[in-house]
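S.K.: the sequence isn't on hand, but the structure is:
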């Protein structure tokens, strides 16, 4: 079974804090993704990576950065957390080969910024 | 721009059939996915369509019409455990064959006894 894990299920931070969200996958997938999910807006792509040290902006990258130093790990960084970054954050991974390959999601991190 | 539309909420009765529609307007198309997401959990894969027609998988079927930018997910013999959100997602061509997905806002289905 593909397993995608995220470092925390729930996180409470204060405005201005630096926040790290970690994601690890155990299936040697090339691609990894960070989304946020908000009511009425669905999942929106923040950043993705198709190889180690490679990253590309998604649809809403402002206020976020990412790091992929190892193939299995993809980190999302909030440099200075703000209240509008309160959300559910979902990490996903997928292999490159195979057109039918879906993305596999982690359990999510619910972040509250006070 | 990219746009994917689904109804926000639907209600159906246990044992019945329900159809959840998804329309899309995207720059490029490389397949359409349906995911199920129970409250507080991760989305899980249900189905994939890249060619026109119907794909059947047990109680779930998914249909695609690329010319109409339209898909639906059909759930038969509804069970209480089918109460969840259903997410429609279109895959675009992307860098390094990443398979970037654009998601609709999701349809929350409530199954009643």
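M.R.: Okay, I see it. Everything numeric here is computed off the predicted structure, so don't read it as measured data.

S.K.: show residues contacting stretch B:50-70.
M.R.: Among residues not part of stretch B:50-70, those counted as contacts by Cβ atoms under 8 Å, 6 or more residues apart in numbering or on different chains are A:99-100, B:21-26, B:29-32, B:34, B:46-49, B:71-77. All C-beta spots, glycine's among them, are computed from the backbone N, C-alpha and C.

S.K.: show me what the helix or strand of chain B with the lowest mean pLDDT is packed against.
M.R.: Taking mean pLDDT, DSSP states H and E as the measure, the helices and strands of chain B show their lowest mean at strand B:101-103, namely a mean of 90. Judged by 3 or more Cβ pairs under 8 Å, 6 or more residues apart in numbering or on different chains; DSSP states H and E, the packing partners of strand B:101-103 are strand A:42-51, strand B:84-91.

S.K.: out of these, which gets nearest to residue A:111?
M.R.: For the helices and strands packed on strand B:101-103, distance to residue A:111 was read as Cβ to Cβ. The smallest value, 12.3 Å, belongs to strand A:42-51.

S.K.: relative to the next helix or strand along the chain from that closest one, what are the paired strands and their orientations?
M.R.: Sequence order places strand A:54-57 as the next helix or strand after strand A:42-51, per DSSP states H and E. Sheet partners assigned to strand A:54-57 using DSSP bridges are listed as strand A:42-51 (antiparallel).

S.K.: burial check on the residue of chain A found nearest chain B, number of neighbours?
M.R.: Distances from chain A to chain B, computed as Cβ to the nearest Cβ, single out residue A:50 as the nearest residue at 3.4 Å. Residue A:50 has 22 neighbouring residues, counting by other Cβ atoms under 10 Å in any protein chain shown.
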